[in-house]
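[1] Structure, please.
(one chain, ligands or ions: 1)
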Amino acid sequence: MREGKPVDKILVTGGAGYIGSHTVRELAAQGFEPVTLDNLSEGHREAVVTGPLEVGDLADEAFLDDLFSRHSISAVMHFASRCYVGESVTNPKLYYEENVGNAMTLLGVMLKHDVKRFILSSTCATYGDPIEVPISESHPQDPVNPYGETKYFIERILKQYDRAYSLRFVSLRYFNAAGDSLDGLIGESHDPETHLIPRILQTAQGKYDYIEVFGTDYPTPDGTCIRDYIHVLDLAAAHIAAVRWLEAGKASDFFNLGTGNGYSVRAMLEMAEQVTGMKIPVKMGSRREGDPAELVADASKANQQLGWTPQVSDLRTVMETAWNWELKRRY
Ligand SMILES: NC(=O)c1ccc[n+]([C@@H]2O[C@H](COP(=O)([O-])OP(=O)(O)OC[C@H]3O[C@@H](n4cnc5c(N)ncnc54)[C@H](O)[C@@H]3O)[C@@H](O)[C@H]2O)c1
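    All right, here's what the predicted structure looks like:
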């Protein structure tokens, strides 16, 4: 049973960023009409390869109001966010103001224009230090940094807006987004780049002298941290499944997005050396504060309920698409 009209035009905030741009492309491929909103603070004009790009800031309520008046939006995917854990610790004000404040502004304008379907880019950082792995959605949420806390706040706001205003949402808690488009047209480009795979590959290209491994004495088989890497195209596919979920009139819910397989930093380095055919200089460093030893998803809920299973998240495909992007990168 459908609730209201089918979803066609979708506002994608942060659609010029890494995960948003891959999702915009997938939405268009699936017959939706994505409209990208981005202030280009971290995103790239060249990353928006289809549909209109509205350049503006989420904090600008008049801009949002005008955008919703000009486009007949039927759902919103909210990627735009400050995303640096370390920065959130030193400048929490920025994170609460922008991540929580902007989400509230956006939700307010949505309600004004009677748009009641919302998909949130949430994160495994809402769980904090795991008390058990793999982490399921029923794991307690106790974020250990302001970044994770802001996403947890938004989730709680959404629950209350659902109850009070019938705003239906899907919160997707990503583990580590990784990999790039299969054709190398779009890909990950952050400055500074903090994600492990691009850092490793850029070290292979000589952009950095070495890659530092933060901690080799964790209680893991090889002593380095273990993470669950999910291909950005599988994340994009999960957003399509989430739209269909809301379109079918299903209830608001939360889903982990990961593979259920964890790889250590050493395993990532080995795969990078295989894929590039190069020896990558490594410096063994000490632990970073707040890095849990192991973060691996139990994504069975998304598998069973959204009908979503990762298709391209095997480690070799992740690394090969990332390397292809580094070799071809346009921005
Ligand atoms: N990359 C990951 O591994 C990961 C993991 C978990 C969750 N997430 C979440 O997924 C989302 C997307 O992450 P990403 O890696 O693609 O980040 P990104 O920085 O590449 O993309 C975010 C985009 O939002 C835009 N933006 C930021 N503030 C804005 C504002 N005030 N107004 C308009 N545009 C604004 C930026 O210009 C950028 O294009 C974020 O919400 C992030 O918290 C990412």
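[2] Which residue, other than its chain neighbours, is closest to residue 43?
    Closest residue in space to residue 43, ignoring its immediate chain neighbours: residue 16 at 2.9 Å, by Cβ to Cβ, 6 or more residues apart in numbering. Heads up, the C-betas are built off the backbone N, CA and C, glycines and all.
[3] How many neighbouring residues does the one you found have?
    28 (other Cβ atoms under 10 Å).
[4] Pretty sure it sits against residue 49.
    No: between residue 16 and residue 49 there is no contact under Cβ atoms under 8 Å: 10.3 Å.
[5] does any part of the host helix or strand of residue 269 sit near the ligand?
    Residue 269 belongs to helix 265-276 when assigned by DSSP states H and E. No: interface with the ligand: helix 265-276 contributes nothing (Cβ under 6 Å from any ligand atom), its closest point being 13.9 Å away.
[6] Could you list every helix and strand in contact with that helix?
    Packed against helix 265-276 by the contact rule (3 or more Cβ pairs under 8 Å, 6 or more residues apart in numbering; DSSP states H and E) you find helix 196-204, strand 211-214, helix 315-328.
[7] who's in contact with residue 302?
    Under the criterion of Cβ atoms under 8 Å, 6 or more residues apart in numbering, the neighbours of residue 302 are 238, 241, 255, 256, 257, 308.
[8] so how far is the ligand from the third one?
    Here the distance between residue 255 and the ligand works out to 13 Å (Cβ to the nearest ligand atom, to the nearest Å).
[9] Next: the second one.
    Remark: distance between residue 241 and the ligand (Cβ to the nearest ligand atom) = 16 Å.
[10] Could you tell me which residues of the stretch 101-250 of the chain lie near the ligand?
    Within reach of the ligand by Cβ under 6 Å from any ligand atom, the stretch 101-250 of the chain has these residues: 102, 121, 123, 174, 176, 177.
[11] ok, then the element right after the helix or strand of the chain with the lowest mean pLDDT?
    The least trusted helix or strand in the chain, going by mean pLDDT, DSSP states H and E, turns out to be helix 85-90, with a mean of 93. On the C-terminal side of helix 85-90, the closest following helix or strand by DSSP H and E is helix 92-95.
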